[in-house]
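*Asks:* fold the following and give me the result.
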Amino acid sequence: MSATQPAPQSGRLLAFAMLALVMLLWSGNMIVGRAVRDDIPPFTLALVRWIGALCIILPFALRHLAADAGELRRHWRPVLALGLIGVAGFNAFIYSGLRETTASNALLLQAAIPALVLLADRLFFATGAGAGRIAGVTLSTLG
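*Replies:* Model prediction:
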């Protein structure tokens with residue numbers, strides 16, 4: 001094993017630590033959203049949050065954005081729509097909901113999203129949920 005490769009055990013530990021960090025940051029987002037509900041309007045909080053994320057991520061993403069510039073220009077409308085609806089809208093409405101409910105309730109509702117996606121897929125597109133999808137939803141619910 002070379003000096004640049006982590007030992008298998010430390011790599012596994014790092015993976016679990018990163019998964020725990022994701023959960024802490026995501027739940028912390030709900031707690032902060034609930035805590036500042038009377039001080040910062042929901043859409044302002046979403047905007048400030050994503051501007052902050054942009055400032056952190058942009059230096060790492062610039063090279064990839066430049067490489068994919070042609071594709072992004074060709075498909076800017078769906079990219080913009082997905083960004084506005086899937087990222088900005090979702091977070092703004094989460095923060096709006098946190099004005100009326102607890103962070104725990106918001107996280108429980110959010111945990112139901114994968115199952116609701118399978119249900120909507122079945123209702124609107126008559127797509128069955130295979131064993132892999134059901135296992136994924138079960139795993140995400142248990143997580």
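
*Asks:* show me how the chain divides into domains.
*Replies:* 27-100, 102-142 (the TED database).

*Asks:* okay, these in a markdown table with mean pLDDT and distance to Ala15 next?
*Replies:* The C-beta positions use only the backbone N, C-alpha and C, and glycine is treated the same way. Listed next are the domains of the chain as a markdown table, based on pLDDT from 0 to 100; distance: least, Cβ to Cβ, whole Å:
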| stretch | mean pLDDT | distance to Ala15 |
| --- | --- | --- |
| domain 27-100 | 92 | 19 |
| domain 102-142 | 87 | 15 |
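
*Asks:* could you point out which of those domains sits nearest Gln9?
*Replies:* domain 102-142 (23.4 Å; Cβ to Cβ).

*Asks:* quick one: that closest one to chain centroid distance?
*Replies:* Offset of domain 102-142 from its chain centre (Cα atoms, centre = their mean, to the nearest Å): 14 Å.

*Asks:* Ala88 contacts Thr44, correct?
*Replies:* No: the pair Ala88 / Thr44 is not scored as a contact, 11.8 Å apart, by Cβ atoms under 8 Å.

*Asks:* okay, helices next: where are they in the protein?
*Replies:* Under the criterion DSSP state H, the chain contains helices at 8-35, 42-67, 69-74, 76-82, 90-97, 103-111, 113-125, 131-142.
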